[in-house]
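Enquirer: Need a 3D model of the sequence below.
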Amino acid sequence: MDIWINIKQRICRDILLPTVGEIERHKTNMKRHTNIIITAVASLLIVTLAGREFIKNHKKESNDKSSTNVSENTCEDIPDTSISDTSISDTCVADTNTPDTSISETEILKQTYENNKEQFYISEIPDDIFEKMQGKSYKADCTLPRENLRYIHVLHVGFDNQVHEGELVVNKDIADDVLEIFKELYESGYQIEKVRLVDEYDADDEASMSDNNSSAFNFRFISHTTKILKHGMGMAVDINTLYNPYVKTVDGELSIEPANAADYVDRSKDFLHKIDHDDLCYKLFMEHGFEWGGDWKHSKDYQHFEK
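Expert: Numbers count the residues shown, from 1 in each chain. As a prediction, this is how the structure comes out:
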């Protein structure tokens with residue numbers, strides 16, 4: 001029995017329990033393995049950090065190089081599309097001069113008048129104009145002295161809504177009134193198609209009226225009398241003659257002057273350029289003391305204003 005106990009003790013000591021030397025060797029091996037692992041981890045960490053720094057530096061160099069290339073291309077290869085100071089200044093000036101569309105047409109015309117006052121004037125009959133009148137509006141039997149007449153230059157708004165020059169010859173006694181009326185008509189944008197001397201039509205009233213020309217002086221006597229007509233004295237003005245004809249019944253027949261104005265005889269109709277009591281032209285001539293032919297009883301001369 002004792003023998004078996006001794007055998008068990010020896011087996012446990014020799015097989016199951018390590019010797020002190022073995023334990024020391026094991027500790028030494030474990031320490032060496034631990035150092036190897038620590039060294040490997042440290043080496044890996046160093047390599048990783050070094051790799052990151054390399055990549056970072058490489059990227060920086062690449063970016064710097066790219067920036068340098070972009071800068072060089074921008075300065076040398078890409079055309080400069082920026083607007084110069086001069087161009088900007090020119091654009092501003094152009095914008096300043098652009099008409100303000102919020103301003104009414106009347107205001108624009110008033111401004112135009114202020115800039116063109118010298119286009120509205122009265123003078124004695126210039127030699128070249130008087131020569132043009134000879135044998136036409138100023139006929140050989142004209143009894144009215146040249147000194148009693150005045151030449152008027154005006155601007156007017158045409159049917160095309162454009163500004164045109166106009167000229168008339170009137171008696172000196174109404175020259176100021178006529179000039180003032182035409183100024184106000186112009187400033188208001190009132191449309192008058194033509195304002196030409198009747199001499200351009202060889203002083204032929206029918207030709208002038210049928211062309212819708214507005215005019216004044218044309219010397220002649222009343223038929224079979226020695227009495228001078230108002231136009232012959234330069235004391236009458238006709239406006240937009242085609243649309244405002246002279247109408248009279250003679251021997252039961254309607255006489256219309258100009259002959260092509262039949263469409264405008266019926267004044268109850270509504271049409272452009274018709275002169276009536278609500279018309280600005282009528283109102284201005286009345287304010288200046290004129291008489292309107294549209295108010296006559298025995299005939300109607302809707303184009304006609306006289307003093």
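Enquirer: and stretch 284-294, how far apart are its ends?
Expert: This stretch, stretch 284-294, spans 15 Å end to end (CA to CA, to the nearest Å).
Enquirer: and Cys306, what does it touch?
Expert: Actually, residue 306 is Glu. It isn't Cys. Counting by CB atoms under 8 Å, 6 or more residues apart in numbering, Glu306 makes contact with 230, 235-237, 290-291, 293. In short, each C-beta sits where N, CA and C put it, glycine included.
Enquirer: again with Glu257
Expert: Counting by CB under 8 Å, 6+ apart, Glu257 has contacts 205-206, 209, 245-247.
Enquirer: Buried ones only from those, please, as a ChimeraX command.
Expert: Only the buried entries of the contacts of Glu257 go into this ChimeraX selection, using 16 or more other CB atoms under 10 Å:
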select :205,209,245,246,247
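Enquirer: Checking Ile108 next. Helix, strand or coil?
Expert: Using DSSP: H, G, I helix; E, B strand; the rest coil, the structure places Ile108 in helix.
Enquirer: Look up how far Met286 lies from it.
Expert: 27 Å (CB to CB, to the nearest Å).
Enquirer: same check, this time on Thr143
Expert: Thr143 is 30 Å from Met286, by CB to CB.
Enquirer: which one of those two has more residues nearby?
Expert: Between Thr143 and Met286, Met286 has the larger neighbour count (other CB atoms under 10 Å), namely 14 against 11.
Enquirer: packing partners for the host helix or strand of the more buried one?
Expert: Element membership for Met286, per DSSP states H and E: helix 280-287. Secondary-structure packing of helix 280-287 (3 or more CB pairs under 8 Å, 6 or more residues apart in numbering; DSSP states H and E): helix 175-187, strand 291-292.
Enquirer: what's the angle between it and helix 175-187?
Expert: Calculated by axes from the mean of the first three to the mean of the last three CA atoms, to 10 degrees, helix 280-287 forms an angle of 150 degrees with helix 175-187.
Enquirer: low pLDDT regions in the stretch 51-200 of the chain?
Expert: Regions of the stretch 51-200 of the chain meeting the criterion pLDDT under 70 cover residues 51-103, 105-106.
Enquirer: Apply 50 and report the result again.
Expert: For the stretch 51-200 of the chain, the stretches flagged by pLDDT under 50 are 54-55, 58-101.
Enquirer: now Phe182, nearest residue through space, not along the chain?
Expert: Distance criterion CB to CB, 6 or more residues apart in numbering; nearest residue to Phe182, sequence neighbours excluded, is Val154 at 4.3 Å.
Enquirer: got the contact list for the spatially closest residue to Glu180 that is not a sequence neighbour?
Expert: Leaving aside its sequence neighbours, Glu180 sits nearest to His288 (CB to CB, 6+ apart; 7.0 Å). If a contact means CB under 8 Å, 6+ apart, then His288 has 177, 180-181 as its contacts.
Enquirer: Domain map for this protein?
Expert: 2-56, 105-306 (automatic domain parsing).
Enquirer: Out of those domains, which is the most enclosed?
Expert: Among the domains of the chain, domain 105-306 has the highest mean neighbour count (mean count of other CB atoms under 10 Å), at a mean of 17.
Enquirer: before we move on, the earlier item: can you redo the helices and strands packed on helix 280-287 as CSV with distance to Ile222?
Expert: Shown next, in CSV, are the helices and strands packed on helix 280-287 (distance: least, CB to CB, whole Å):
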stretch, distance to Ile222
helix 175-187, 23
strand 291-292, 17
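Enquirer: Please, where are all the strands along the stretch 201-307 of the chain?
Expert: For the stretch 201-307 of the chain, the strands defined by DSSP state E, counting those that start in this stretch cover 213-214, 236-238, 246-250, 253-257, 291-292, 300-301, 304-306.
Enquirer: gap between Glu257 and Leu197?
Expert: 19 Å.
Enquirer: and if you look at Leu179?
Expert: In terms of CB to CB, Leu179 sits 16 Å off from Leu197.
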